[in-house]
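Chemist: fold the following and give me the result.
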Amino acid sequence: MSDDKQFHAAATENTAAGAGALSQEELDELVASSDTGGRSPSGAVGTFLVVVALIWSLFQLWIASPLPFMIGWGVFNDTEARSIHLAFAMLLAFAAYPAARTPAQLGLAVAVPALLTFFFIYGAKAGVPVWWIPIPAVLIIAAVLMGSPKDRVPVWEWGLAIVSALAALYLYIFYDGIATRVGAPILQDYVVAVFGILLLLEATRRALGPALMIVATVFLAYTFLGPLMPSIIAHKGNNLSEVVNHQWITTEGVFGIALGVSTSFVFLFVLFGSLLDKAGAGNYFIQVAFSLMGHMRGGPAKAAVVSSAMTGLISGSSIANVVTTGTFTIPLMKRVGFSSEKAGAVEVASSVNGQIMPPVMGAAAFLMVEYVGIPYFDVVKHAFVPAVISYIALVYIVHLEAMKANMQGLPRAYEPKPIVQRLIGIAFAIAVICALSFGVYYGMGWIRPAFGSAAGYIVFALLVAVYIGLLYIGSREEPLELEDPNAPVTKLPLPGPTIRSGLHFLLPVVVLVWALMVDRLSPGLSAFWAASFMVFILLTQRPLMAILRGEGDTAGAIRQGGLDLIDGLVTGARNMIGIGIATATAGIIVGAVSQTGVGSALADVVEVLSGGNIMAILVLTAILSLILGMGLPTTANYIVVSALLAPVIVTLGQQNGLIVPLIAVHLFVFYFGIMADVTPPVGLASFAAAAVSGGDPIKTGVVAFFYSLRTAALPFLFIFNTDLLLINVGWGQGIFVFITATFAMLLFAAATQGWFLTRNRFYETIALLLVAFTFFRPGFWMDMVAPPFENVAPAAIEQAAMETAVGDNLRLEVSGLNAVGDPVTFTALLPVGEGDTGQDRLFASGLEYLVNGDEVVIDNVAFGSPAAEAGFDWDQKIGQVLKPVPQPSKYWMFLPGLLLLAFVVMLQRRRAQPEPSTAAQGA
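Modeler: Just a heads-up that it's a prediction; the model follows:
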C-alpha cells in the first residue's frame, strides 16, 4: 500500500544476500511503514501522536452514533465531517511518515511541487497576484531537503503537519462564508487551496508511495493544459480560479464522494477490524483454519487460503494480510514441500482475494454504493458468488500443486473418525446453525413489536448473555497461542477445542452482518454498532476469562483490557492515515475527470484502438486498469479506474450491442485494479510475500499471477453472463448458478495448472477450457444454435411490440446525436408496457415516434419512463428492431460439455492407472 521502495528493497536485498526470510522485527517494520507510518517517536511527541490518533477514532465513533442527534449537540454536516477527517489524516501523515531519503523520492518531492507551481502561475487569470504561489513549494522542498529522521519529528515537519491540517479544516472553519461565494474564490481561498493541494500530494508520496502522487499530478497538469493536448483528448483548459473552486472549495474534488465514503463508512470498518484483531480474532482464524485443513495434502497452503479469506473479511489491506497470516503460513508451506516462490504466491493470491470478499472488499463496497447508486445489500449480493468461487478454486489449485509434488499434510494429534460419522457430524452442525438462525430471525421479529422502544435493551441483554455463555465455553479450553512456525510441528491443534476457544469472536461479526443484511441499516451505523460491541468485548473479555478460569488478578485483567482498547483505537486510526489520504488524492483525479470530460475522450481512444470489437474493448480496459492500479491501495485504485474506465465500458458496450449492468462494470474494473497488487514489476503484495519467504520477488509475482488467472477470468465471464452476479436471479436458480459456476471454475483451474487427474496433454487442456466456458456461458452456444432475437424492419415496430410479452425487452439500435452534438449509435433495451395494440404498448413504455416510410423517428420520450431510463431521446432514429423469440433452455448445452469432460476423464484415468507388475502379468 505505501512506500513500495521499502518492499522492493527489503525483498531484493534479502534475496541477493541469501539470508532467507526477514526477521519478525523487520517484518513489523515493513507493516508499520506500509499501514501505520514508519516513524514512532518516544516521549511527549509519541504520546501526542497516540492521543491525536485516539481522538480521531473517538470523533469517528461520535459522528457515526445516534448520540449527537439525540442530544442536539456535536452534529456535523457531511462537508464539515470530511474536512475534520482529512485534517486528522494529513496531520498524522506528516507526523508518522518520514520523507524518504532515496534519490528518486527526493527528486519527486522537489519536482512535483515545482512543476505544479508553474501550472498554478500559468493558470492564474488577470487580477490574481502570483508572487505568493511559489511559497508553499519552496517550504515543502526545503523541509524535505533538511532531512526527516525516523525517531523524532523535526520542527519543520511539525510546520507542514499543522499547515496541512489547517488547510483541510478551512471548509469547516469558514463554511458559512464559503457557501456565499461558490464559484468566485477570494485570495484567501486561492492561498489555502494551493497550500492544501501541494501538501496533500506530498502527504500522498510519504504515505502511499509515488504512484498516486504522479497520477494526480498528471491530471492536474492536464486540467490546465487542455488546449495543448492532442486533438482526441484536448479540452478548453481551466484556469486557477476554476481549479481552486472545483478541487478544494467545493465537494467536487478533494472533498468529494470518495472522501465522504472514507469519513462515513471506511474508517469504522477499519476500526472494527483493528479492534477485532486486537482482541485475538486474527490468531483465532489462523488456528481454526490449520486445525481443520492442516492434515490435508498441502494442508498449510489450504489453511493459508482459508485464514486469509477470513482475515480478508475484515481487512482493507492485502499487504497487511500477506504479512500477518504469511509469517505463520509461509514457513509451514515450505516445510511440506512448497518452494519459497510458490509458498509466497499462494499467500499473495489468497490475501489479494480478500479484497474482493464481502462485506468490506477493501472499502470498495461502500464506494460502489455511492457510485452505482444501489443499496449496500445489493452490492454484497452481486459480489458474493464470484468471490467465493474464486476462493474455492484457489483451494483446488493448492490441491493440484500438492498432487503434482505428492505432498503430504501435517501430522494430526488424533485418529480421524470414519467418513460416515464425520458427514453425520457436519450435517448435524449445519442443522444446528440453521435452527439457531431461524430462531434468532423469528425471535427478533417477535421481540421488537412486543417490547417497543425497550427492544434494544432486551436484544443487548440477550447478546451479553450469549457472549458470557460462549466465553464460559472458551474458558474450558486452553488459551490459543501463536506458535513459532519455524519450530518443528509434531501435531496439529485439535479442531473441536480450537473452535470452541474463540466462538465469542464471531458475535461482533454476526452483529455487523445482521445490521447490514437483515435490518438493512446504513453501513456506517452497522459498523458503529459492531465496533461498539467490540469495545465492550475488549473491556470485558480479559476480566471475565480471568474469573471463569479462576486465575485471579481481575484488576490487572481490567487494566490490560483498557490498554488493548486504547491500542486498538490508535492502531485503527493509524491504519486509516493512508486510506484517508488516498481517497482525498483520488478525489483530485475524479474532479479532473468531471471538469475536463476526459472520460469521453478516453472512450474515444479505446474505441479507436479496439476497432469497436467488444472483447478488445474489455481487454484494453483490463490492461489500463492494471496499469492505473500499479502501486495504489485498493480504495484509491478502485476510485481511479472506476472514474476513468467504467463509463468507457458502458458507453462502448452500448454502442456495440452489449448492455452491461453498471454494477458488473464496476466489479470488472475493481477486479483488475486489485490484480495490480499481484502482477510484476510493481506487485506490492508479491514483494511483501517475498520478504517473508526469502524467495525471489519477481518469480513470486509471476507464480501468483498464474494462480490468480481465475480471478482475472471471472470479470470477463460475469460481463457476458450476469447470472454470476445474481442479477434478476431467484434463490433456486442462484444456487444452481453457484454450483455450476464453481464446477466450471475448478475445471478452468485444472486447465491452467496443467493437471486434472494426472498431468494434462495440450488437447486435454483445450477440452477442459471448452467445458469450463460452456458451463460458465452456455448461452453463447445456444445463441448460435437458436438466436434469441428476430430482426424485423423498423417500420414493423408496432407489430413487434404486440408480439412481445409485457415486461420483455425489445432490442433497438438507435442513432442520433450525443450531448455534445457528435453522431452516435447505440443499442438499448425497451421494456414493453401494457396495451391493447402495439402502439399503446410503446406509448406505455414512454416512447412516441413518427413512421416515415421505412424510417422511424422518435418524436418524444416521457419523463421518468422506461424509455427515458433506457437512453432514448427525441429526434433519434431507430435503425434496427430485434424482438425476442422463444429459445430452448441454454442449459441443454451442459450435455455436450459433460460428454467431452467424460472423454477427458477416461483418457486421464487410463494414464493415471499404474502399470501392472511382471508378477501380475505372469499370473
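Chemist: make it CA atoms for all contacts and neighbour counts henceforth
Modeler: OK.
Chemist: so Glu790 sits in a strand?
Modeler: Yes. Using DSSP: H, G, I helix; E, B strand; the rest coil, the assignment for Glu790 is a strand.
Chemist: was I right to think it contacts Pro886?
Modeler: No. Between Glu790 and Pro886 there is no contact under Cα atoms under 8 Å: 10.0 Å.
Chemist: what's the burial count for Pro479?
Modeler: For Pro479, the neighbour count with other Cα atoms under 10 Å is 12.
Chemist: likewise for Ile392?
Modeler: For Ile392, the count of nearby residues is 18 (other Cα under 10 Å).
Chemist: that older thread, out of Glu790 and Pro886, which sits in the busier spot?
Modeler: For Glu790 and Pro886, the more surrounded residue by other Cα under 10 Å is Glu790, and the numbers stand at 13 against 10.
Chemist: got the contact list for that one?
Modeler: For Glu790, the contacting residues are Leu882, Lys883, Pro884, Val885, by Cα atoms under 8 Å, 6 or more residues apart in numbering.
Chemist: now do the helices in the stretch 751-900 of the chain.
Modeler: For the stretch 751-900 of the chain, applying DSSP state H, counting those that start in this stretch gives helices covering 762-776, 778-785, 797-802, 838-844, 866-870, 894-912.
Chemist: so which of those helices is nearest Met368?
Modeler: Nearest to Met368, of all those, is helix 866-870, at 20.0 Å by Cα to Cα.
Chemist: what domains does the record give for the protein?
Modeler: What the record gives for the chain is the domain set 37-250, 794-886, from automatic domain parsing.
Chemist: reformat those domains as CSV; add distance to Phe706 and mean pLDDT.
Modeler: What follows is the domains of the chain, written out as CSV (distance: least, Cα to Cα, whole Å; pLDDT from 0 to 100):
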stretch, distance to Phe706, mean pLDDT
domain 37-250, 25, 89
domain 794-886, 36, 85
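Chemist: my guess is Phe776 contacts Phe716. True?
Modeler: No. Using Cα under 8 Å, Phe776 is not in contact with Phe716, being 10.5 Å away.
Chemist: which of the two has more neighbours?
Modeler: The neighbour count for Phe776 versus Phe716, taken as other Cα under 10 Å, is higher for Phe776 (25 against 17).
Chemist: which residue packs closest to that one, ignoring adjacent ones?
Modeler: The shortest distance from Phe776 to any non-neighbouring residue, by Cα to Cα, 6 or more residues apart in numbering, is to Ala741 (5.7 Å).
Chemist: doesn't Pro778 make contact with the one you found?
Modeler: No. Taking Cα under 8 Å as the definition, Ala741 is not a contact partner of Pro778, at 10.9 Å.
Chemist: more neighbours: those two, which one.
Modeler: Neighbours were counted for Ala741 and for Pro778 using other Cα under 10 Å; Ala741 has more, 23 against 20.
Chemist: any weak-confidence spans in the stretch 351-500 of the chain?
Modeler: Within the stretch 351-500 of the chain, the segments meeting pLDDT under 70 span 359-363, 413-416, 482-491.
Chemist: that one: helices as residue ranges?
Modeler: Counting by DSSP H, counting those that start in this stretch, the helices of the stretch 351-500 of the chain are 364-372, 376-404, 419-451, 455-475, 495-500.
Chemist: now the ones you listed in a markdown table, with distance to Asp696?
Modeler: As requested, these are exported to a markdown table (distance: least, Cα to Cα, whole Å):
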| stretch | distance to Asp696 |
| --- | --- |
| helix 364-372 | 31 |
| helix 376-404 | 19 |
| helix 419-451 | 41 |
| helix 455-475 | 42 |
| helix 495-500 | 35 |
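Chemist: the one helix or strand Pro136 maps to: how far from the chain's middle?
Modeler: Using DSSP states H and E, Pro136 sits in helix 134-145. Taking Cα atoms, centre = their mean, to the nearest Å, one finds helix 134-145 lying 35 Å from the centre of the chain it belongs to.
Chemist: and it, what does it pack against?
Modeler: helix 103-123, helix 155-173, helix 187-208 (3 or more Cα pairs under 8 Å, 6 or more residues apart in numbering; DSSP states H and E).
Chemist: let's see 6 Å
Modeler: Judged by 3 or more Cα pairs under 6 Å, 6 or more residues apart in numbering; DSSP states H and E, the packing partners of helix 134-145 are helix 103-123.
Chemist: need the single longest helix in this protein, by residues.
Modeler: For the chain, the helix with the greatest residue count under DSSP state H is helix 554-596.
Chemist: what's the angle from that helix to helix 187-208?
Modeler: Interaxial angle, helix 554-596 versus helix 187-208 (axes from the mean of the first three to the mean of the last three Cα atoms, to 10 degrees): 120 degrees.
Chemist: for helix 554-596, what is the average pLDDT?
Modeler: Averaging pLDDT along helix 554-596 yields 90.
Chemist: so which bits of the next helix or strand after that helix are buried?
Modeler: Heading C-terminal from helix 554-596, the first helix or strand you meet, by DSSP H and E, is helix 598-610. Buried positions in helix 598-610, judged by neighbour count with 16 or more other Cα atoms under 10 Å: Val598, Gly599, Ser600, Ala601, Leu602, Ala603, Asp604, Val606, Glu607, Ser610.
Chemist: just checking, next helix/strand downstream of helix 598-610?
Modeler: Using DSSP H and E, the first helix or strand after helix 598-610 is helix 614-629.
Chemist: what lies in contact with that next one?
Modeler: Under the contact criterion Cα atoms under 6 Å, 6 or more residues apart in numbering, helix 614-629 has outside partners Ser610, Asn637, Val641, Phe672, Gly673, Ala676.
Chemist: need these in CSV (columns: pLDDT).
Modeler: Shown next, in CSV, are those (pLDDT from 0 to 100):
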residue, pLDDT
Ser610, 78
Asn637, 75
Val641, 78
Phe672, 83
Gly673, 77
Ala676, 73
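Chemist: just flag the most distant two among these.
Modeler: Farthest pair in those (Cα to Cα) is Ser610 and Asn637. Separation: 23.4 Å.
Chemist: where's stretch 688-702 relative to the chain centroid, distance-wise?
Modeler: On Cα atoms, centre = their mean, the centre of stretch 688-702 falls 23 Å from that of its chain.
Chemist: actually stretch 800-818, not the one I typed
Modeler: Distance, centroid of stretch 800-818 to centroid of chain: 36 Å (Cα atoms, centre = their mean).
Chemist: in that stretch, what counts as buried?
Modeler: Within stretch 800-818, the residues that count as buried by 16+ other Cα under 10 Å are Ala800, Ala801, Met802, Thr804, Asn809, Leu810, Arg811, Leu812, Glu813, Val814, Ser815, Gly816.
Chemist: can I get that stretch as PDB, trimmed to CA atoms?
Modeler: Extracted in PDB, the C-alpha atoms of stretch 800-818 (Å, rounded to 0.1, in the frame of the first residue of the first chain):
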ATOM      1  CA  ALA A 800     -43.000  -6.500 -32.800                       C
ATOM      2  CA  ALA A 801     -44.300  -4.800 -29.600                       C
ATOM      3  CA  MET A 802     -47.600  -6.600 -30.000                       C
ATOM      4  CA  GLU A 803     -45.900 -10.000 -30.400                       C
ATOM      5  CA  THR A 804     -43.600  -9.400 -27.400                       C
ATOM      6  CA  ALA A 805     -44.800 -10.400 -23.900                       C
ATOM      7  CA  VAL A 806     -45.500  -7.500 -21.500                       C
ATOM      8  CA  GLY A 807     -42.300  -6.800 -19.500                       C
ATOM      9  CA  ASP A 808     -40.000  -8.400 -22.000                       C
ATOM     10  CA  ASN A 809     -37.500  -6.200 -23.800                       C
ATOM     11  CA  LEU A 810     -37.300  -5.100 -27.400                       C
ATOM     12  CA  ARG A 811     -33.700  -4.600 -28.500                       C
ATOM     13  CA  LEU A 812     -33.400  -1.400 -30.600                       C
ATOM     14  CA  GLU A 813     -30.400   0.000 -32.400                       C
ATOM     15  CA  VAL A 814     -30.700   3.800 -32.200                       C
ATOM     16  CA  SER A 815     -28.700   6.500 -33.900                       C
ATOM     17  CA  GLY A 816     -28.600  10.300 -33.200                       C
ATOM     18  CA  LEU A 817     -26.500  13.000 -31.600                       C
ATOM     19  CA  ASN A 818     -24.900  12.800 -28.100                       C
END
